[in-house]
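> Make a model of this:
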Amino acid sequence: MSSSFGSIFKIHTFGESHGPAVGVVIDGCPPRLPITTDEIQLDLDRRRPGQSRLVTQRDEEDSVEIVSGWKDGLTLGTPIALLVRNKDHQSGAYDHLKDLYRPSHADFTTDKKYGIRAHEGGGRSSARETIGRVAAGAVARKLILESSQIEVLAWVHQIHQISGSYENANIKLDDVESSPTRCPDPEAASAMVEAIEKARKDGDSLGGIICCRITNVPVGLGDPVFAKLEAELAKAMLSLPASKGFDIGSGFSSADLTGSEHNDPFILSESGEITTATNYSGGIQGGISNGENINFRVAFKPTATIASAQNTVTTGGEEIKVKAKGRHDPCVLPRAVPMVEAMACLVLGDALLRQATVDYL
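You can find the predicted model right below:
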């Protein structure tokens, strides 16, 4: 089972949802990068359960421990191990799911592929696996900020049929964090809260869309064939639990436009830099960053584990109905925002280090 991501800035996540701990090993991080546990913890706090009434009430502090690769606030250039211990896992709440397959969950496919699965909390299929990604993403975030001033910001654009209205370029972190929904539009955020609370009460769940904006990206990141920067981003985002769709720039709406409408004309800025008048390309052309903002969206399905009765089949082949017990997110979107940012930071960090080898040659 592969649990690795990246080529130079490479991570390997480990741990199960109801095991003793989860975490990540980072290989390829340059030495002397200043990073603190507080900086890593900041992103983990945005991802952790129990942070509002809109998410799972599993009570975890998700306190990170730096086990290796770090000394006196600086990375050593050796493998960095980050560990978070599980403390509030109530495994008995999943006993009723041991011998059946939850609809649209990974239970069936995992069992058929490996012949064994950790049914408690979904094991590696749980969103708890993303703790390692978010912790590593915090390190990558510091790397891309220190080396190129690249900044990554994501937010909730849509939950179910409720969408926010705002100017993409003007959104700040404070706007995102002003609501537990992480939608920067106050009116839409209020409606989203009501919708999520109703879904929880009804034993149901909701999906939605997260937008991400990456600024200060230098020209030249990515490759023109198999390692296109948008392809790396797509792989990263679609590896997240519950993600079902990815588009960048104009995305699927580009199919409605002509070439003359969609092309981004080159112009000279006031400082004489080459830029584009529009950004339908989403900051990437020919698989390589062009210096404009990278804008993409990720669609997330409704949480598969719900409290409403659903038809399913047991591992022994008996048709039954199941009502899931335990603590589950009625909507993954608010906690998925730092996950999207983390994966984007990992892709950009890896791309920067790969570009450094090109610049060296």
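> Contacts only, for the closest residue to R85 other than its chain neighbours.
Distances taken as CB to CB, 6 or more residues apart in numbering place A21 nearest to R85, at 4.7 Å, with adjacent residues excluded. All C-beta atoms are positioned from the backbone trio N, CA, C, and that covers glycine. Shown in contact with A21 (CB atoms under 8 Å, 6 or more residues apart in numbering): 15, 83-86.
> Which one (most neighbours) among the residues you listed?
V84 (25 neighbours; other CB atoms under 10 Å).
> what's around the nearest residue to P218 once chain neighbours are set aside, how many residues?
Computed as CB to CB, 6+ apart, the closest residue to P218 that is not its neighbour in sequence is S148, at 5.5 Å. Neighbours of S148 under the rule other CB under 10 Å: 16.
> in terms of contact, does S148 touch N216 like I think?
Yes: look at S148 against N216 with CB atoms under 8 Å: they come within range, at 6.5 Å.
> Is it correct that G272 falls within a strand?
No: G272 is assigned coil when assessed by DSSP: H, G, I helix; E, B strand; the rest coil, not a strand.
> What distance do you get for the residue nearest to P218 to P31?
Applying CB to CB, to the nearest Å, the value for S148 to P31 is 18 Å.
> Over to S190?
Taken as CB to CB, the span from S190 to P31 is 47 Å.
> and those two? which has more neighbours close in?
Shown here are S190 and P31; by other CB under 10 Å, S190 has more neighbours (14 against 10).
> Can you check the pLDDT for the more buried one?
The model reports S190 with a pLDDT of 97.
> what does G122 give?
Model confidence at G122, given as pLDDT, is 73.
> Excluding sequence neighbours, find me the nearest residue to it.
Per CB to CB, 6+ apart, closest to G122 is S17, 5.7 Å.
> Would you agree L145 is in contact with V139?
No: applying CB under 8 Å, one finds L145 not in contact with V139, separated by 10.9 Å.
> Have a look at the two and say which one is more surrounded.
Each of L145 and V139 has its neighbours counted (other CB under 10 Å); V139 has more, 28 against 16.
> so how far is G283 from I150?
Applying CB to CB, the value for I150 to G283 is 11 Å.
> Next: E270.
For E270, the distance to G283 equals 20 Å [CB to CB].
> quick one: which of those two has more around it?
Neighbours were counted for E270 and for G283 using other CB under 10 Å; G283 has more, 24 against 5.
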